[in-house]
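Undergrad: could you work out the structure for the sequence below:
(chains A and B)
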Amino acid sequence: MSAAEDQADVEKVLAGDVSAFEGIVRRWQGPIVNLAYRFCRDRARAEDMSQDAFLRAFRSLASWRREAAFSTWLFALAANLFRTDLRRFPIHPLTLADIPELRDPRAIDGGLEDEDRDRVVRDAVYALPAKYREAILLFYFHEMDVPAAARSLALPEGTFKARLFRGREVLRTKLAKVRVSPGLQEEIP
Amino acid sequence: MTRDDLDRILSAEDRIVPSSGFAASVMDAVRREAATPPPIPFPWKHALPGLVVGIVALAGLLVLGFVLLTAETAAPAPAAFSLPQLISAARVAALKVDGTGWLAIALLLTLASVFFSFRATGSRT
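TA: Residues are numbered from 1 along each chain as shown, chains lettered A, B, ... in the order given. Model (predicted):
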């Protein structure tokens, strides 16, 4: 994705050419919808939230300061909107104690199938307090790039790292009894 | 479960592809947004004189009320207290205080607010 194309389209939109915004939408729809999906895990809602994010971006395009990449600005704007949306209308107000596998260790003593294990881990992420959950979601969305994830949450890197560390520690403690199946272990290089 | 296990599981999150009409739907919303006239700003220029007059009048009323109150308390207390005497004293004080002065101020304020609101809205139409 070209930063020059983004800049050119933004200039055109600011000069009154609304249709130039379509280039921005087409370039960034995939990442923004996927980011929204990570927050809400519902495809239809992810698209609604993404549409709101693009509309918000269109309205406040003039506030993009050129020293940051357009993508950084767009992700920060979108992440902020998604966080607000999810806090107002949570997907499922789950707590770690609500996850049956974590409540009843017998359920996981024999090891879980990969799919079930992934579900348990993701449920555990969504049951974390918002500030840890958001740090973890953004960290993995940005492919473990701490500076990018911190910028998306508009947090200093130190604060972001502290939240990420704390969130992962909570997860590791809660998921300590969840075994990784032998098949997966073999896949580890 | 180790941190590596967590990294592996959470990095392998499903990716979704936006529906085919998504970009078109966003652009429809953007065009609607662009076609909507900007919100009418609050007419501060027209409202400011009215606000200033209102604040000055309110301050005047407070000062007047304070002056009247201090004048009342500075007056010598009656030698003996009885309920009928107190009521009649209150009536006299009320007649002194209220009446035409207060009514005039209230009317002036009302007229001023009506005048300024008409001026503010009339100039935009």
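Undergrad: so which helix or strand of the chain has the lowest pLDDT on average?
TA: In the absence of a named chain, this looks at chain A. None of the helices or strands of chain A scores lower by mean pLDDT, DSSP states H and E than helix A:182-187, at a mean of 44.
Undergrad: please go with chain B instead
TA: helix B:83-97 (a mean of 64).
Undergrad: hang on, A:Val25 packs against A:Phe54?
TA: Yes - look at A:Val25 against A:Phe54 with C-beta atoms under 8 Å: they come within range, at 5.7 Å. Placement of C-beta: from N, CA and C, glycine included.
Undergrad: so where is chain B shaky, pLDDT-wise?
TA: Low-confidence segments of chain B (pLDDT under 70): B:72, B:75-83, B:85-100, B:122-125.
Undergrad: around chain A, pick out the residues from it.
TA: B:1-19, B:22-23, B:25-27, B:29-31, B:33-34 (C-beta under 8 Å from any C-beta of the partner chain).
Undergrad: and the strand or helix carrying A:Ala36, what does it pack against?
TA: A:Ala36 belongs to helix A:21-40 when assigned by DSSP states H and E. Judged by 3 or more C-beta pairs under 8 Å, 6 or more residues apart in numbering or on different chains; DSSP states H and E, helix A:21-40 is in contact with helix A:3-14, helix A:43-59, helix A:70-88, helix A:130-141, helix B:22-35.
Undergrad: just put the ones you listed in a markdown table and tack on distance to B:Ala71 and mean neighbour count.
TA: Below are the helices and strands packed on helix A:21-40 laid out as a markdown table (distance: least, C-beta to C-beta, whole Å; neighbours: other C-beta atoms under 10 Å in any protein chain shown):
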| stretch | distance to B:Ala71 | mean neighbour count |
| --- | --- | --- |
| helix A:3-14 | 65 | 15 |
| helix A:43-59 | 59 | 19 |
| helix A:70-88 | 57 | 19 |
| helix A:130-141 | 61 | 22 |
| helix B:22-35 | 62 | 16 |
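Undergrad: turn the ones you listed into JSON lines, columns for distance to A:Arg151.
TA: Listed next are the helices and strands packed on helix A:21-40 as JSON lines, based on distance: least, C-beta to C-beta, whole Å:
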{"stretch": "helix A:3-14", "distance to A:Arg151": "15"}
{"stretch": "helix A:43-59", "distance to A:Arg151": "16"}
{"stretch": "helix A:70-88", "distance to A:Arg151": "5"}
{"stretch": "helix A:130-141", "distance to A:Arg151": "9"}
{"stretch": "helix B:22-35", "distance to A:Arg151": "24"}
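Undergrad: out of the ones you listed, which comes closest to B:Lys45?
TA: The closest of the helices and strands packed on helix A:21-40 to B:Lys45 is helix A:43-59. By C-beta to C-beta, the value is 25.7 Å.
Undergrad: now for the closest one, which elements pack on it?
TA: Other elements packing on helix A:43-59 under the criterion 3+ C-beta pairs under 8 Å, 6+ apart are helix A:21-40, helix A:70-88, helix B:22-35.
Undergrad: of those helices, which approaches A:Arg168 most closely?
TA: helix A:21-40 (16.2 Å).
Undergrad: what's the angle from that closest one to helix A:43-59?
TA: Angle of helix A:21-40 versus helix A:43-59, following axes from the mean of the first three to the mean of the last three C-alpha atoms, to 10 degrees, is 130 degrees.
Undergrad: pLDDT (mean, whole number) over helix A:21-40?
TA: The average pLDDT for helix A:21-40 rounds to 95.
Undergrad: stretch A:158-178 too?
TA: Rounded mean pLDDT across stretch A:158-178 is 89.
Undergrad: for stretch A:58-70, same thing?
TA: Computed over stretch A:58-70, the mean pLDDT rounds to 90.
Undergrad: show residues contacting the very next helix or strand once past the least confident helix or strand of chain B.
TA: Later in the chain than helix B:83-97, the nearest helix or strand by DSSP H and E is helix B:100-122. For helix B:100-122, contacts defined as C-beta atoms under 8 Å, 6 or more residues apart in numbering or on different chains pick out B:Pro43, B:His46, B:Ala47, B:Pro49, B:Gly50, B:Val53, B:Gly54, B:Ala57, B:Gly60, B:Leu61.
Undergrad: give the residues shared as contacts by A:Val25 and A:Phe54.
TA: By C-beta under 8 Å, 6+ apart, the residues touching both A:Val25 and A:Phe54 are B:Val26, B:Val30.
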